[in-house]
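Sharing a sequence plus its predicted fold:
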Amino acid sequence: MVSISREYDGAMANLADLQTRLAEYRALEAKIRQNGQEYEVSSGPDGSRFRRPDLREVRQAIVDLEIQIEQVMARTQGRSRVRVGVPNW
């Protein structure tokens, strides 16, 4: 019988969430760099003007997420806590 501890399982789920958020922030950074921070949608007589988050804040969030990912990976390195059950025969 082999089981993985909940701590390791939870860390891997957290890692996946962090990686997803990092990818989203990187996509947002690319949009800001390519299209600018403000954009306008003109549909009909009333156009709408939108402003994306500040590029500096987005870049800081990317750095923070990269650090968090490194920390989670460091915690899980070599600590999978595999348990092997041996029957008493």
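Yep, it's here.

And stretch 57-71, what's buried?
Val58, Ala61, Ile62, Leu65, Gln68, Ile69 (16 or more other CB atoms under 10 Å). (Each C-beta comes from the backbone N, C-alpha and C, glycine too.)

Go through the protein and flag its longest helix.
helix 6-35 (DSSP state H).

just checking, what packs against the following helix or strand past that helix?
Using DSSP states H and E, the next helix or strand after helix 6-35 towards the C-terminus is strand 38-42. Counting by 3 or more CB pairs under 8 Å, 6 or more residues apart in numbering; DSSP states H and E, the packing neighbours recorded for strand 38-42 are strand 47-51.

Partner strands of the strand it packs on and their direction?
strand 38-42 (antiparallel) (DSSP bridges).

Quick one: mean pLDDT over the partner strand.
Strand 38-42 carries an average pLDDT of 78.

contacting residues around that strand?
Gly47, Ser48, Arg49, Phe50, Arg51, Arg52 (CB atoms under 8 Å, 6 or more residues apart in numbering).

change it to 7 Å
For strand 38-42, contacts defined as CB atoms under 7 Å, 6 or more residues apart in numbering pick out Gly47, Ser48, Arg49, Phe50, Arg51.

Over to stretch 52-68?
Contacts to stretch 52-68, defined as CB under 7 Å, 6+ apart, come from residues Leu18, Arg21, Leu22, Tyr25, Arg26, Leu28, Glu29, Lys31, Ile32, Gln37.

Thanks a lot, see you next time.
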